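[1] No letters, just coordinates:
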């Protein structure tokens, strides 16, 4: 075994995780590559060519790098674990009128759990991924801080990681920018890898059509919800829609015509198959309730703790005061925020440091 230790590296076949494995191998770690098969493209029913982290090409790319670099590589099938938890939750959230973030759930409950389980079985002390984030320590706490590359920072999707996970995790790319990683791939002799495109789709919705995915996943759903009502905030009838699960807060396109001003989805009421529409200013809120909290930098915070609060990936965030309750946090923003969507993640930052995060439960107008 290497003096630096044995590390299990999650390799999707993409440039980021591949370069992470190469870096650790070059630094003298004993690297074991692992590629996780999380979903079955055929069952997803997408219309496009198979792409992304679970395609055969991606798996082969990861394996070939391991062979070339001279370290072990394994493929593990976690489709049952992934499907039962992540995909079922994805469907259930839309049926409940919320907008889920499956990448957060997958990181928190599936990928890290699967990696730690296999790391133990393979005598690996650490696990590593290609996320753009940094792990820091303060006292007895470990926490995530934003990566160097503002455009690639992925701390937002990692808020759910526990102290146990962080103790054994490594993010080799956190102090680098994406252009530096592409150059590094070239320097390692992988010119094609350095040009590899990135996928921003949900892995099990390869054509990015979540509505089509829901229809295929839940037989009879389309017929059961068709013909619901569009209303305004006063309850006035504005027209009929295709079914509440097929809309998200903030949506503007696909609402039909005939409106005198641009209209947006401002609320979804699943109990009555109602979608509330309003003008852009009706999307603006200044408080929200956040549940399923995971504290990271601190074990918790006091009433009034001020943090930059981010309500979606790549959102710049707005300063807010946090007021912890027994199982949730009430958030009061210092400036109005547009498009807060129940089901999405809210992540709290102190500077670049991730204080904690949770799932948005509801929005309120003060």
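    That came in fine, so what should we check first? All figures in this text were calculated on a predicted structure; none of them were measured in a lab.
[2] Tell me which stretches of the stretch 101-250 of the chain form strands.
    Under the criterion DSSP state E, counting those that start in this stretch, strands of the stretch 101-250 of the chain are mapped to 126-128, 133-138, 141-146, 169-170, 228-231, 237-241.
[3] ok, the residue lying closest to residue 193 once chain neighbours are set aside to residue 228 distance?
    Excluding its sequence neighbours, the residue lying closest to residue 193 (CB to CB, 6 or more residues apart in numbering) is residue 185, at 4.6 Å. From N, CA and C alone the C-beta is placed, and that goes for glycine too. Using CB to CB, to the nearest Å, one obtains 49 Å as the distance from residue 185 to residue 228.
[4] Okay, buried residues for the helix or strand encompassing residue 322 please.
    In this assignment (DSSP states H and E), residue 322 forms part of strand 318-324. By neighbour count, and taking 16 or more other CB atoms under 10 Å as the criterion, the buried residues in strand 318-324 are 318, 320, 321, 322, 323, 324.
[5] low-scoring stretches of the stretch 151-300 of the chain, by residue?
    Within the stretch 151-300 of the chain, the set of residues satisfying pLDDT under 70 comprises 199-200.
[6] just the helices in it please.
    Per DSSP state H, counting those that start in this stretch, the stretch 151-300 of the chain has helices spanning 163-167, 178-187, 191-194, 210-217, 221-225. These are given in chain order.
[7] of all the ones you listed, which lies closest to residue 302?
    For these, proximity to residue 302 was assessed by CB to CB; helix 163-167 is nearest, at 20.2 Å.
[8] picking up where we left off before, pipe the buried residues of strand 318-324 into TSV and attach distance to residue 298 and pLDDT per row.
    Written out in TSV, the entries for the buried residues of strand 318-324 read as follows (distance: CB to CB, whole Å; pLDDT from 0 to 100):
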residue	distance to residue 298	pLDDT
318	20	97
320	16	98
321	16	98
322	11	98
323	15	98
324	11	96
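[9] Need the residues you listed in JSON lines (columns: distance to residue 83).
    Converted to JSON lines, the buried residues of strand 318-324 look like this (distance: CB to CB, whole Å):
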{"residue": "318", "distance to residue 83": "36"}
{"residue": "320", "distance to residue 83": "36"}
{"residue": "321", "distance to residue 83": "39"}
{"residue": "322", "distance to residue 83": "35"}
{"residue": "323", "distance to residue 83": "37"}
{"residue": "324", "distance to residue 83": "34"}
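[10] Going by neighbour count, which residues in stretch 274-294 are buried?
    Neighbour-count burial for stretch 274-294, counted by 16+ other CB under 10 Å, picks out 274-278, 282-290, 293.
[11] Please name the residues that touch residue 309.
    With CB atoms under 8 Å, 6 or more residues apart in numbering as the criterion, the residues that contact residue 309 are 317, 318, 319, 320, 322, 331, 333, 346, 347, 348, 349.
[12] What's the separation between the fourth one and residue 147?
    If I follow you right, that is residue 320. Applying CB to CB to residue 320 and residue 147 gives a distance of 23 Å.
[13] Which SSE is immediately downstream of the helix or strand containing residue 82?
    Take DSSP H and E as the rule and residue 82 turns out to sit in helix 79-82. Secondary structure here is assigned by DSSP H and E; on that basis, the next helix or strand after helix 79-82 toward the C-terminus is helix 88-95.
[14] So what touches that next one?
    Counting by CB under 8 Å, 6+ apart, helix 88-95 makes contact with 99-100, 102, 105, 202, 204, 210, 214, 217-218, 221, 245, 270, 343, all of which sit outside it.
[15] Hey, what's the angle from it to helix 210-217? Just curious.
    Using axes from the mean of the first three to the mean of the last three CA atoms, to 10 degrees, the interaxial angle of helix 88-95 with respect to helix 210-217 works out to 110 degrees.
[16] Tell me the buried residues in helix 88-95?
    Quick answer for helix 88-95 (16+ other CB under 10 Å): 89, 90, 91, 93, 94.
[17] do the same with stretch 122-140
    124, 126, 127, 128, 129, 130, 131, 132, 133, 134, 135.
[18] Many thanks, we can stop here.
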